[in-house]
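> quick one, fold the following:
(chains A and B)
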Amino acid sequence: MELVNIEGTPKTPTISLNSETGTIEIKGRSIPENSIEFYKPIVDWLDEYAKAPKEKTVVSIQLEYFNTSSSKCILDVFKKLENLKKGKNDVVINWYYEEDDEDMLEAGEDYESIIKIPFKMIEIVD
Amino acid sequence: MSHPTFFDLDKHFTQIHSEGEPIFAYRGAITTDFINNTLFLVEAKLDDLIDHGSTRKKVYNVLVESLQNLFHHVDSPASIVNTNGSFGLFLLSRIDSGFKVYTGNFVLNERIDGIREKLEKINSLTREELKDFYKFVLNNQEFSAKGGGGLGLIDIARKTGTKLNYSFEPYDSSYCFFTFSVVIPEEEK
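Residues are numbered from 1 along each chain as shown, chains lettered A, B, ... in the order given. Below is the predicted model of the structure:
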């Protein structure tokens, strides 16, 4: 299956999707005006990945900013992961937030309470 | 005889400058290029102005949501528009208690009730209730390609912890001018 690497821009995050290692990384800023368009290839990749997933999938989300238009798309990504977990596959979600960024920590907690997969909250200290 | 215009846009733009110290002001077409350039310029200014990382992020977040709300939800009367159908005002000022983000745009009169209802609801909620409302809308509402189903305003209210200020100024028989502002309190270092 195809590996996906999308270079980040000032308004969209760096994306790395690797079906061989079972790792998913989203890093940077996610503030595009049209998030649905940006996230579609990622959601499509997850649908494909779910057909033959690794025993353990490790997801790392490290966002500096995301807008509310992205928030729904990110939830869609998490819902795909929730389905993987329901299918008895191990899913680990690492949610990174910068020191003192309580809003980003709270955003992670919001997602965690909706999708019912425990998040590992990781503070990035300068 | 032309119908009376109730709302003086020039006067209004001047008035909103009177509070605090303007950092960035704009009136004109709200395009993707405008948003990109504004975010780039303002972010550099905020780096200079604000030491506290958390306040800087809050201001930036409120800017993104406010500008994208303008981008997605503006209605414009034909008489005003030689701006690709998307006229708006935007102002960021430093005030005593922190920063104030101000936007203004025309909306069709028939949309007033819906917008007011949304804003009144958000302003009536406590911090915990806003969190629950945000999660409810996030998880249950279908989003269009346009925007986040009002999630932007809820997010602004959550991040600032302050009330959303707004007014609908009568303009003509079809349109009013919607003013919106919010204060991002500056945290101590």
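
> how near is residue A:60 to chain B?
20 Å (CB to the nearest CB, to the nearest Å). All C-beta atoms are positioned from the backbone trio N, CA, C, and that covers glycine.

> what helix or strand does that residue sit in?
Secondary structure from DSSP states H and E places residue A:60 in strand A:56-66.

> contacts only, for residue B:102.
By CB atoms under 8 Å, 6 or more residues apart in numbering or on different chains, residue B:102 lies in contact with B:16, B:89-93, B:179-181.

> check residue B:74 too.
The contact partners of residue B:74, by CB under 8 Å, 6+ apart, come to B:30, B:85-88, B:105-107.

> doesn't residue B:68 lie inside a strand?
No. Going by DSSP: H, G, I helix; E, B strand; the rest coil, the assignment for residue B:68 is helix, not a strand.

> number of nearby residues for residue 59?
I went with chain A, as the question did not name one. Neighbours of residue A:59 under the rule other CB atoms under 10 Å in any protein chain shown: 21.

> correction: the question concerned chain B.
Counted with other CB under 10 Å, residues neighbouring residue B:59 total 25.

> same question for residue B:8.
Neighbours around residue B:8, by other CB under 10 Å: 12.

> tell me the residues of chain A that contact chain B?
A:10-11, A:31, A:33-34, A:36-37, A:65, A:67-69, A:71-72, A:75, A:98-103, A:106, A:110, A:113-114 (CB under 8 Å from any CB of the partner chain).

> all helices of chain A, in order?
Assigned by DSSP state H, the helices in chain A fall at A:35-49, A:68-86, A:102-115.

> okay, those, which one's buried deepest?
helix A:68-86 (a mean of 20; mean count of other CB atoms under 10 Å in any protein chain shown).

> mean confidence score for that helix?
Regarding helix A:68-86, the rounded mean pLDDT is 93.

> list the helices and strands it packs on?
strand A:23-30, helix A:35-49, strand A:56-66, strand A:90-98, helix A:102-115, helix B:127-140, helix B:151-160 (3 or more CB pairs under 8 Å, 6 or more residues apart in numbering or on different chains; DSSP states H and E).

> now these as CSV including distance to residue B:24?
Shown next, in CSV, are the helices and strands packed on helix A:68-86 (distance: least, CB to CB, whole Å):
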stretch, distance to residue B:24
strand A:23-30, 20
helix A:35-49, 25
strand A:56-66, 18
strand A:90-98, 25
helix A:102-115, 22
helix B:127-140, 27
helix B:151-160, 17
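
> can you map out the strands along chain B?
B:21-29, B:87-95, B:98-108, B:165-170, B:175-185 (DSSP state E).

> let me see the contact set for residue A:102.
Here residue A:102 is in contact with residue B:54 (CB under 8 Å, 6+ apart).

> residue B:165 versus that one, what's the distance?
24 Å (CB to CB, to the nearest Å).
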